[in-house]
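Chemist: Below are the sequence and a predicted model for it; my questions follow.
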Amino acid sequence: MSEPMLKAVNLQCERGDRILFQGLDVSIVPGTITRVEGPNGAGKTTLLRILAGLNDSYTGDLFWCGEPRAWQREVFHRNLLYIGHRPGIKPLLTPLENLRALSAVRRPLSDGALCQALDGTGLQGYYHVQCRNLSAGQQRRVALARLLVSDEPLWILDEAFTALDYHGVAGLEQLLVEHAASGGAVVITTHHDLDLPGMARLKLGVGEPMNDA
Amino acid sequence: MWQFIRQLFHKFGSPKWFYGIASKMMPWLLGIGLILLLAGLVWGLAFAPAERLQGNSYRIIFIHVPSAFLAQSIYIMMAVTAVVTLVWRMKLADLFVRAVAPVGAVLTFLALFTGAVWGKPTWGTWWVWDARLTSMLILLFLYFGVIVLMSAITDEKSSARAVAVLVLVGVVNIPIIKYSVEWWNTLHQPATFKLTDKPSMAPEMWVPLLLSVLGLYLLFGWLACLRMQTEILKREHRTRWVRDLATAEGN
Amino acid sequence: MTPKVPAMPLAVVRVSAWRAMALVVRRDLRASLRQRQDLLNPLLFFFMVVTLFPLGVSPEVSFLQQAGSGILWVAALLSTLLSLDHLFRHDFDDGTLEQMVLQPQPLFLLVLAKSVAHWLLTGLPLVMLAPVLGVMLHLDGNSIAILCLTLLIGTPVLSLIGAIGAALTLGLRAGGVLLSLLIIPLYIPVLIFGTGTVAAAANGAPVGGYLALMMAFLVLAITLAPFASAAALRISLSNS
């Protein structure tokens, strides 16, 4: 096994009167796909947001490449691609503009490369249509096109399969496997019945009420 | 080293520890505070000599000045604890802000009210857009903002940190507000008699004033402890020590 | 067991913060220009509020001349407040805000860029509309010039401070009213100096010093407000 990219030690997170999880250790190693599982309200999204650096109401330590993550926020974010429930697609912009805006702050790409990525998610012919005129599944595909032009080793995908049709699901599954095979890492939640070769599972319980602080 | 400081903070930041300490201190704060405040007020209202220009109406400063004084320092205290909340995420710091913000608002209101009452005999009208009163009014608005934000965010931790940010933004603005209001005042109202022009005070005036300021501070300390204790019990009602406490009190 | 694979090479931060800020401004301008009505609304509001004063108080020339700069400043302040709720709301709803927090550039600079875009889209149009309304309120030429200058310096401060409130109230019910309650006290110094400068000019006093002071406000707001807004954004996102 190689060194973990992202490591979380002794994570604890409370919501209201409930402890979502405590004493949780997570290691994200290159070449792996980790699926976070658990019933509704178990804190799957919360965990993903903590790992991504969007949620900082937790206790515990996070390390990126062995160093505390807080010291290297920018480097960490450069190497992370996160797609959440709300995928970050502006309805007033076209797929091409959206994709360009999202990738240009990480590494500038030619329009040719971006169009190719949109083609890869089945959006050929929609380059210049405003996203508010696209279906939910198509908007999702715009966000997922980022995966095709990604050079970030770590992908964190929350409910990535939502609103995708059969072909979309198959394509995405293949993409995840390829990313892992090339030495990247994926953390994912989904309600879709996902079973990829070599996939690790991280189970979260229902949480427990706080007793002694 | 860092770890050690963190542990130290953890200990002093623990609500349980504070609850015990507060219980020990509160009778003293209440007792001494009451004595000082009463002494200051009785002396000031009944025995101190009348003022040369304003006669007896000046005596309201024995209430006005302490409350105005405290109202402003409470905001500063909140700002200091806000830094603690943001940097060390100490629960106790947030509890403090939560407990004292309404107290600060009430005292600010009291200062405004007594200022208005004082204004009646001095200026012949209840409200004058005097620089000092106007700054106090804006301070009241700042308190309102904090209280409103506090109650609007349901999540405890987010609420604590959001309020801390707001308090800090407010405290940076307080000197700017004060300065601009004073400038505005000179622009629109060429000097009249101002509350800021304190009559030259004889010792028999300022000693009772000092006593009531001190007394009010101590009483504020007592009230802050009391309100923090209540909040602690509410928040930690599921923990073992609170349940033990409840059974002990019940018996 | 997972097969052992060599780790993917790490990506390096190459896009500078300046470039990223320019991209934020450009994206906001582009999206807003496709929804022009939203841009027009604060301007219409500004116009209507100003109209209320001659109707509600008095159309007498002497009153309007005296109160005109104050009316325009208060109206500009209110329409800025009205527009602030949108500053982060759309980005929050569609997830763009999350992506902004995850950008490999310092968040406070990106927030500063958002404030700049907000000013270009609301503050600047208000400043440009102000002379017309100034004429309708019978202000003389000199006062109008000074007034526009104070608005030009003051409205960016309103956008910058307002961003703090918008970030704090993000995702809350009744965000709009709450935002106003938090922000109005902080706007008071800007209002005082904005109208005071015009009043001083009308009395024939030199205004250079006052304008310099307003510039100092602006510099202070540019340096401090983005940090507060960025902190507030992180808090609001943690909560969502």
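Modeler: Looks like it arrived, so ask away.

Chemist: and the helix or strand hosting B:H64 with chain A, contact?
Modeler: According to DSSP states H and E, B:H64 maps onto helix B:61-88. No. Helix B:61-88 does not reach chain A (C-beta under 8 Å from any C-beta of the partner chain); its nearest approach is 11.4 Å. Using the backbone N, CA and C atoms, a C-beta is placed for each residue, glycine as well.

Chemist: Report the buried residues of that helix.
Modeler: For helix B:61-88, burial by neighbour count (16 or more other C-beta atoms under 10 Å in any protein chain shown) applies to B:61-72, B:74-75, B:77-79, B:81-82, B:84-86.

Chemist: can you check stretch B:43-51 too?
Modeler: B:W43, B:G44, B:A48, B:E51.

Chemist: so does the helix holding B:H64 get close to chain C?
Modeler: Yes. Helix B:61-88 comes into contact with chain C (C-beta under 8 Å from any C-beta), by way of B:L86.

Chemist: Mind giving me the packing neighbours of that helix?
Modeler: Under the contact criterion of 3 or more C-beta pairs under 8 Å, 6 or more residues apart in numbering or on different chains; DSSP states H and E, helix B:61-88 touches helix B:15-42, helix B:91-123, helix B:131-152, helix B:156-188, helix B:203-235.

Chemist: Give me the mean pLDDT for that helix.
Modeler: For helix B:61-88, mean pLDDT is 92.

Chemist: between that helix and helix B:15-42, how big is the angle?
Modeler: Helix B:61-88 runs at 160 degrees relative to helix B:15-42, counting by axes from the mean of the first three to the mean of the last three C-alpha atoms, to 10 degrees.

Chemist: Alongside chain C, which residues does the stretch 151-251 of chain B contribute?
Modeler: So far as C-beta under 8 Å from any C-beta goes, the stretch 151-251 of chain B lies against chain C at B:152-153, B:155, B:157-158, B:161-162, B:165-166, B:168-170, B:172-173, B:176-177, B:179-181, B:183-184, B:187.

Chemist: Can I get the helices and strands packed on helix B:61-88 in JSON lines including mean pLDDT and distance to A:T34?
Modeler: Listed next are the helices and strands packed on helix B:61-88 as JSON lines, based on pLDDT from 0 to 100; distance: least, C-beta to C-beta, whole Å:
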{"stretch": "helix B:15-42", "mean pLDDT": "89", "distance to A:T34": "36"}
{"stretch": "helix B:91-123", "mean pLDDT": "91", "distance to A:T34": "32"}
{"stretch": "helix B:131-152", "mean pLDDT": "93", "distance to A:T34": "37"}
{"stretch": "helix B:156-188", "mean pLDDT": "90", "distance to A:T34": "27"}
{"stretch": "helix B:203-235", "mean pLDDT": "89", "distance to A:T34": "35"}
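
Chemist: Need the pLDDT of B:L45.
Modeler: 83.

Chemist: residues touching it, list them.
Modeler: Each residue near B:L45 by C-beta atoms under 8 Å, 6 or more residues apart in numbering or on different chains is listed here: B:R59, B:F62.

Chemist: and it, helix, strand or coil?
Modeler: Put simply, B:L45 is helix when judged by DSSP: H, G, I helix; E, B strand; the rest coil.

Chemist: related to what we said a few turns ago, possible to save the buried residues of stretch B:43-51 as CSV with distance to chain A?
Modeler: What follows is the buried residues of stretch B:43-51, written out as CSV (distance: C-beta to the nearest C-beta, whole Å):
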residue, distance to chain A
B:W43, 47
B:G44, 46
B:A48, 51
B:E51, 55
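
Chemist: Touching, A:R201 and A:E37? I think so.
Modeler: Yes. At 5.6 Å, A:R201 counts as touching A:E37 under the criterion of C-beta atoms under 8 Å.

Chemist: Looking only at neighbour counts, state which of the two leads.
Modeler: Using other C-beta atoms under 10 Å in any protein chain shown as the criterion, A:R201 and A:E37 rank with A:E37 on top: 14 against 10.
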